[in-house]
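> no sequence on this one, just coordinates:
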């Protein structure tokens with residue numbers, strides 16, 4: 001017999017076969033029936049794993065992996081924390097990983 005998780009903010013973890021609550025730095029998204037992490041992180045193994053500097057959760061935080069902006073957006077781009085997306089460097093600027 002099918003049963004739902006007791007709380008509406010829980011997801012069914014297919015690995016552990018248990019109902020788990022979304023981690024603190026995420027929210028439950030009903031449309032995808034998964035936890036969506038804040039702050040450019042991807043949901044893996046029941047937790048939010050943040051992407052590195054210059055990386056973006058691609059194609060989406062619920063169903064993706066951390067990929068460099070320069071690979072999935074524009075060659076001369078970086079991850080902008082304020083807009084939570086990849087941005088291209090201004091003219092006459094290059095993206096330097098160490099300076100961010």
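Cool, the structure landed. Predicted, not measured: the structure shown is a model, and the values here were computed from it. Residues are numbered from 1 along each chain as shown.

> End to end on stretch 37-56, go ahead and measure it.
Stretch 37-56 stretches 12 Å from its first residue to its last (Cα to Cα, to the nearest Å).

> brain fart, stretch 44-54
20 Å.

> Can you tell me what sits against it?
13, 15-16, 20, 23, 25-26, 35, 37-43, 57, 66, 68-70, 78-79, 95, 97, 100 (Cβ atoms under 8 Å, 6 or more residues apart in numbering). In this view, the C-beta of every residue, glycine as well, is placed from N, C-alpha and C.

> Among those residues, the buried ones, what's the PyMOL command?
PyMOL command restricting the contacts of stretch 44-54 to the buried ones, with burial defined by 16 or more other Cβ atoms under 10 Å:
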select buried, resi 20+26+35+37+40+41+42+43+57+66+68+69+70+78+79+95
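
> Among the contacts of stretch 44-54, which are located in strands?
Counting by DSSP state E, the part of these found in strands is 13, 20, 26, 35, 37, 41-43, 57, 66, 68, 78-79.

> Specify which member of those residues is nearest to residue 87.
residue 78 (6.3 Å; Cβ to Cβ).

> Quickly list what the closest one is bridged to.
Bridge pairing for residue 78 (DSSP bridges) gives the partners residue 87.

> Now do it against residue 56, distance only.
To residue 56, residue 78 is 10 Å away according to Cβ to Cβ, to the nearest Å.

> What of residue 25?
Counting by Cβ to Cβ, the gap from residue 25 to residue 56 is 17 Å.

> before we move on, what about residue 82?
In terms of Cβ to Cβ, residue 82 sits 14 Å off from residue 56.

> In terms of neighbours, single out the busier of the two.
For residue 82 versus residue 56, the count of surrounding residues by other Cβ atoms under 10 Å is larger for residue 56: 27 against 6.

> so what's the more buried one up against?
By Cβ under 8 Å, 6+ apart, the neighbours of residue 56 are 40, 66, 67, 68, 69, 72, 73, 79, 85, 86.

> wait, doesn't residue 20 sit right on residue 14?
No - in this structure residue 20 lies outside contact range of residue 14 using Cβ atoms under 8 Å: 10.7 Å.
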